[in-house]
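**Q** Predicted structure and sequence below. I'll ask about it afterward.
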Amino acid sequence: MNNDEYRYSIDGENRIVSVSDNWDAFARANNGASSIQSDDIIGKKVWSFFAGEEIKYLFRQLFEYVRNKQKVIIIPFRCDSPVEQRFLELRLEPLEDQGLKFTNSIIKVEKCQSKPESLFDVDADNGVLKVCSMCKKLEVSDGQWLDMEQGIPVLNLFGEQAVPPISHGLCKPCYHQALIELRLTRKKNRRRYSSEQVENIHVS
(Lines give C-alpha, C1' and ligand atoms only; values in the text may rest on other atoms or scores of the structure.)
Protein backbone atom coordinates (compact mmCIF):
# COMPACT_ATOMS: atom_id res chain seq x y z
CA MET A 1 0.00 0.00 0.00
CA ASN A 2 1.11 3.56 -0.75
CA ASN A 3 2.35 5.17 2.50
CA ASP A 4 0.70 8.41 1.40
CA GLU A 5 -2.73 6.74 1.56
CA TYR A 6 -4.63 5.96 4.75
CA ARG A 7 -7.88 4.04 4.67
CA TYR A 8 -10.74 3.12 6.94
CA SER A 9 -14.28 1.90 6.47
CA ILE A 10 -17.55 2.11 8.35
CA ASP A 11 -20.68 -0.03 8.34
CA GLY A 12 -24.29 1.03 7.82
CA GLU A 13 -24.50 2.11 11.46
CA ASN A 14 -21.46 4.39 10.99
CA ARG A 15 -19.22 2.20 13.15
CA ILE A 16 -15.55 1.95 12.17
CA VAL A 17 -14.95 -1.65 11.10
CA SER A 18 -11.47 -1.58 9.53
CA VAL A 19 -8.38 0.58 9.06
CA SER A 20 -5.32 0.25 6.83
CA ASP A 21 -2.09 -1.31 8.11
CA ASN A 22 -0.34 2.07 8.19
CA TRP A 23 -3.10 3.76 10.22
CA ASP A 24 -1.29 3.71 13.59
CA ALA A 25 1.82 5.35 12.14
CA PHE A 26 -0.35 8.08 10.62
CA ALA A 27 -2.16 8.57 13.96
CA ARG A 28 1.13 8.95 15.85
CA ALA A 29 2.38 11.49 13.30
CA ASN A 30 -0.79 13.53 13.95
CA ASN A 31 -0.30 13.55 17.72
CA GLY A 32 -3.00 10.92 18.22
CA ALA A 33 -1.05 8.05 19.74
CA SER A 34 -3.37 7.65 22.71
CA SER A 35 -6.72 8.54 21.14
CA ILE A 36 -7.06 7.26 17.57
CA GLN A 37 -4.94 4.12 17.45
CA SER A 38 -6.63 1.27 15.59
CA ASP A 39 -7.37 -0.78 18.73
CA ASP A 40 -9.14 2.23 20.25
CA ILE A 41 -11.36 3.16 17.31
CA ILE A 42 -12.53 -0.16 15.81
CA GLY A 43 -16.19 -0.68 16.69
CA LYS A 44 -16.83 2.94 17.68
CA LYS A 45 -19.12 5.37 15.87
CA VAL A 46 -17.21 7.63 13.51
CA TRP A 47 -18.94 10.68 15.04
CA SER A 48 -16.86 10.23 18.19
CA PHE A 49 -13.87 11.51 16.24
CA PHE A 50 -15.44 14.61 14.67
CA ALA A 51 -15.44 17.71 16.88
CA GLY A 52 -18.04 20.35 16.09
CA GLU A 53 -21.63 20.11 14.91
CA GLU A 54 -20.81 21.85 11.61
CA ILE A 55 -18.38 19.11 10.58
CA LYS A 56 -20.78 16.37 11.69
CA TYR A 57 -23.65 17.92 9.77
CA LEU A 58 -21.66 18.19 6.53
CA PHE A 59 -20.45 14.61 6.76
CA ARG A 60 -23.94 13.31 7.51
CA GLN A 61 -25.10 14.93 4.28
CA LEU A 62 -22.11 13.52 2.37
CA PHE A 63 -22.74 10.01 3.77
CA GLU A 64 -26.40 10.19 2.75
CA TYR A 65 -25.47 11.44 -0.72
CA VAL A 66 -22.94 8.68 -1.41
CA ARG A 67 -25.22 5.95 -0.05
CA ASN A 68 -28.30 7.10 -1.94
CA LYS A 69 -26.53 7.86 -5.22
CA GLN A 70 -24.04 4.97 -4.97
CA LYS A 71 -21.51 7.45 -6.24
CA VAL A 72 -17.84 8.08 -5.42
CA ILE A 73 -16.92 11.63 -4.41
CA ILE A 74 -13.53 13.27 -3.80
CA ILE A 75 -13.15 16.16 -1.34
CA PRO A 76 -9.96 18.20 -0.70
CA PHE A 77 -9.12 18.99 2.92
CA ARG A 78 -6.33 19.87 5.37
CA CYS A 79 -5.11 17.73 8.27
CA ASP A 80 -1.95 19.19 9.79
CA SER A 81 0.52 17.62 12.16
CA PRO A 82 2.26 19.75 14.82
CA VAL A 83 5.13 20.49 12.40
CA GLU A 84 3.66 20.04 8.90
CA GLN A 85 0.83 21.34 6.76
CA ARG A 86 -0.80 18.38 5.00
CA PHE A 87 -3.01 18.87 1.95
CA LEU A 88 -5.10 15.78 1.31
CA GLU A 89 -7.94 14.37 -0.75
CA LEU A 90 -10.69 12.27 0.75
CA ARG A 91 -12.17 9.64 -1.57
CA LEU A 92 -15.52 8.47 -0.21
CA GLU A 93 -17.07 5.44 -1.89
CA PRO A 94 -20.08 3.21 -1.19
CA LEU A 95 -19.78 -0.39 -0.03
CA GLU A 96 -22.31 -3.19 0.40
CA ASP A 97 -24.97 -2.94 3.12
CA GLN A 98 -24.69 0.86 3.36
CA GLY A 99 -21.02 0.75 4.32
CA LEU A 100 -18.56 3.45 3.27
CA LYS A 101 -14.85 3.39 2.47
CA PHE A 102 -12.60 6.37 3.15
CA THR A 103 -9.27 6.80 1.36
CA ASN A 104 -7.18 9.76 2.50
CA SER A 105 -4.37 10.62 0.07
CA ILE A 106 -1.63 13.10 0.90
CA ILE A 107 -1.22 15.48 -2.05
CA LYS A 108 1.33 17.93 -0.66
CA VAL A 109 3.26 18.51 2.58
CA GLU A 110 4.77 21.82 3.71
CA LYS A 111 6.45 23.02 6.88
CA CYS A 112 4.07 24.76 9.29
CA GLN A 113 4.18 28.55 9.08
CA SER A 114 1.45 29.12 11.68
CA LYS A 115 -0.98 27.29 13.99
CA PRO A 116 -1.82 23.83 12.56
CA GLU A 117 -5.21 23.49 10.94
CA SER A 118 -7.35 20.37 11.09
CA LEU A 119 -10.44 18.94 9.52
CA PHE A 120 -11.94 18.95 13.01
CA ASP A 121 -11.41 22.62 13.95
CA VAL A 122 -14.41 24.95 14.09
CA ASP A 123 -14.16 28.73 14.24
CA ALA A 124 -17.30 30.71 15.05
CA ASP A 125 -15.72 33.91 13.68
CA ASN A 126 -15.36 32.64 10.12
CA GLY A 127 -18.71 33.84 8.73
CA VAL A 128 -21.82 31.72 8.15
CA LEU A 129 -22.30 28.75 5.83
CA LYS A 130 -25.81 28.73 4.36
CA VAL A 131 -27.37 25.36 3.51
CA CYS A 132 -30.69 24.89 1.70
CA SER A 133 -33.09 23.14 4.07
CA MET A 134 -34.75 21.21 1.24
CA CYS A 135 -32.09 20.16 -1.30
CA LYS A 136 -29.00 20.56 0.97
CA LYS A 137 -27.12 22.68 -1.58
CA LEU A 138 -24.54 25.19 -0.33
CA GLU A 139 -24.64 28.91 -1.12
CA VAL A 140 -21.23 29.69 -2.61
CA SER A 141 -22.01 33.33 -3.46
CA ASP A 142 -25.01 35.63 -3.30
CA GLY A 143 -27.79 33.68 -5.00
CA GLN A 144 -25.56 30.90 -6.36
CA TRP A 145 -26.08 27.41 -4.91
CA LEU A 146 -24.13 24.22 -5.64
CA ASP A 147 -24.49 20.57 -4.69
CA MET A 148 -22.51 19.75 -1.56
CA GLU A 149 -19.78 17.80 -3.34
CA GLN A 150 -19.20 20.81 -5.67
CA GLY A 151 -19.67 23.50 -3.06
CA ILE A 152 -17.18 22.15 -0.51
CA PRO A 153 -14.09 22.62 -2.73
CA VAL A 154 -15.37 25.93 -4.12
CA LEU A 155 -15.73 27.29 -0.58
CA ASN A 156 -12.55 25.49 0.57
CA LEU A 157 -14.48 24.32 3.62
CA PHE A 158 -11.92 21.75 4.73
CA GLY A 159 -8.95 23.86 3.73
CA GLU A 160 -6.92 26.50 5.49
CA GLN A 161 -9.86 28.04 7.34
CA ALA A 162 -12.15 26.22 9.76
CA VAL A 163 -15.75 25.38 8.90
CA PRO A 164 -18.04 28.29 9.88
CA PRO A 165 -21.37 27.98 11.72
CA ILE A 166 -24.23 26.69 9.57
CA SER A 167 -27.41 28.62 8.82
CA HIS A 168 -30.36 27.11 6.97
CA GLY A 169 -32.31 28.82 4.23
CA LEU A 170 -33.86 28.03 0.86
CA CYS A 171 -32.29 28.26 -2.57
CA LYS A 172 -34.43 29.97 -5.24
CA PRO A 173 -35.85 26.78 -6.86
CA CYS A 174 -36.74 25.27 -3.49
CA TYR A 175 -38.25 28.57 -2.34
CA HIS A 176 -40.57 28.61 -5.36
CA GLN A 177 -41.40 24.93 -4.88
CA ALA A 178 -42.24 25.58 -1.24
CA LEU A 179 -44.58 28.42 -2.27
CA ILE A 180 -46.36 26.14 -4.76
CA GLU A 181 -46.80 23.43 -2.13
CA LEU A 182 -48.05 25.98 0.37
CA ARG A 183 -50.66 27.31 -2.10
CA LEU A 184 -51.82 23.75 -2.89
CA THR A 185 -52.13 22.96 0.81
CA ARG A 186 -54.18 26.11 1.39
CA LYS A 187 -56.50 25.23 -1.52
CA LYS A 188 -57.01 21.71 -0.16
CA ASN A 189 -57.74 23.08 3.30
CA ARG A 190 -60.28 25.58 1.90
CA ARG A 191 -62.05 22.81 -0.05
CA ARG A 192 -62.09 20.60 3.02
CA TYR A 193 -63.45 23.42 5.18
CA SER A 194 -66.18 24.21 2.61
CA SER A 195 -67.13 20.53 2.38
CA GLU A 196 -67.41 20.24 6.16
CA GLN A 197 -69.66 23.32 6.27
CA VAL A 198 -72.00 21.78 3.66
CA GLU A 199 -72.16 18.53 5.60
CA ASN A 200 -73.00 20.39 8.78
CA ILE A 201 -75.81 22.24 7.02
CA HIS A 202 -77.30 18.96 5.75
CA VAL A 203 -77.07 17.38 9.20
CA SER A 204 -78.83 20.26 10.90
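**A** Done, it's in.
**Q** where exactly do the helices run in this structure?
**A** All helices of the chain, identified by DSSP state H, fall at 23-29, 38-41, 53-69, 148-155, 172-203.
**Q** low pLDDT regions in the protein?
**A** 1-3, 29-35, 81-82, 113-126, 160-161, 192-204 (pLDDT under 70).
**Q** do that again at 90, thanks
**A** Applying pLDDT under 90 to the chain flags the ranges 1-4, 23-40, 48-55, 76-88, 106-128, 141-143, 149, 153-169, 181-204.
**Q** follow-up on the earlier one: quick one: which of the helices of the chain is nearest residue 111?
**A** Nearest of the helices of the chain to residue 111, taken as CB to CB: helix 23-29 at 14.3 Å. Where C-beta positions appear, they are placed from N, C-alpha and C, glycine not excepted.
**Q** give the contact list for the residue nearest to residue 135 when sequence neighbours are not counted.
**A** Once flanking residues are discounted, residue 135 sits nearest to residue 174: 5.4 Å by CB to CB, 6 or more residues apart in numbering. The contact partners of residue 174, taken as CB atoms under 8 Å, 6 or more residues apart in numbering, are 132, 133, 134, 135.
**Q** go with 7 Å
**A** Taking CB atoms under 7 Å, 6 or more residues apart in numbering, we find residue 174 in contact with 132, 134, 135.
**Q** Drop anything exposed from those.
**A** Among those, those scoring as buried are residue 132 (criterion: 16 or more other CB atoms under 10 Å).
**Q** before we move on, the earlier item: any chance of the helices of the chain in CSV, with distance to residue 97 too?
**A** Below are these laid out as CSV (distance: least, CB to CB, whole Å):
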stretch, distance to residue 97
helix 23-29, 22
helix 38-41, 20
helix 53-69, 10
helix 148-155, 23
helix 172-203, 32
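**Q** Residue 106 is nearest to which of those?
**A** helix 23-29 (9.3 Å).
**Q** List the buried residues in the closest one.
**A** Buried-residue list, helix 23-29, by 16+ other CB under 10 Å: 23, 24, 26, 27.
**Q** Please apply the same query to stretch 129-138.
**A** 129, 130, 131, 132, 136, 137, 138.
**Q** Now the buried residues of helix 23-29 in CSV, please, with extra columns for distance to residue 100.
**A** Converted to CSV, those look like this (distance: CB to CB, whole Å):
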residue, distance to residue 100
23, 16
24, 21
26, 19
27, 20
